[in-house]
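Peer 1: Predicted model and sequence below, questions to follow.
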Amino acid sequence: MKDAVSFRTRKTSIYDKKSNTPFKISRSKFFNFMSCKRCFYLDRVKGLKEPSMPGWALNVAVDELLKKEFDEYRKEQKPHPIMVKVNTDWIEKKIIEMKDVLNLDEPPKIEKTCEKCAYLEGGKKF
């Protein structure tokens, strides 16, 4: 039996170099970029979805509460106290780096392929 590799179907989930509209990503996709640029590229540019996992009720609840709290600060156009307390200058650098990765024609070359890249590219189980 051969494992199927699924592709993203929503066009807004896939980066389009020719589009003039800002490409929005979630906190989890930013984390994916920080974890493995190649996986991020395969996911957002090529549209390959990573294997799914069952949801976690506590994680979902915490995520919703944090989003709600940060949204309130966004409405007021004020930084969240945590963002003021912690130096977040590195985020801007990573966003620029992420834009560079999105505009590549091929996945970035890395010395060691992570398990998700190996799975997405070759259908190998990890």
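Peer 2: Looks like it arrived, so ask away.
Peer 1: In the protein, where is pLDDT below threshold?
Peer 2: By pLDDT under 70, the weakly predicted segments of the chain are 1-5, 52-54, 110-113, 118-126.
Peer 1: could you redo the last one with a cut-off of 90?
Peer 2: Applying pLDDT under 90 to the chain flags the ranges 1-61, 63, 79-80, 82-126.
Peer 1: Next, name the residue at the spatial heart of it.
Peer 2: Nearest residue to the geometric centre of the chain (CA atoms, centre = their mean): K29, 1.7 Å.
Peer 1: That residue and Y41 touch, don't they?
Peer 2: No: applying CB atoms under 8 Å, one finds K29 not in contact with Y41, separated by 11.6 Å. Yep, even glycine has a C-beta here, placed from its N, CA and C like the rest.
Peer 1: check contacts around Y73.
Peer 2: Contact analysis of Y73 by CB atoms under 8 Å, 6 or more residues apart in numbering lists 79-80.
Peer 1: With that, I have no additional questions.
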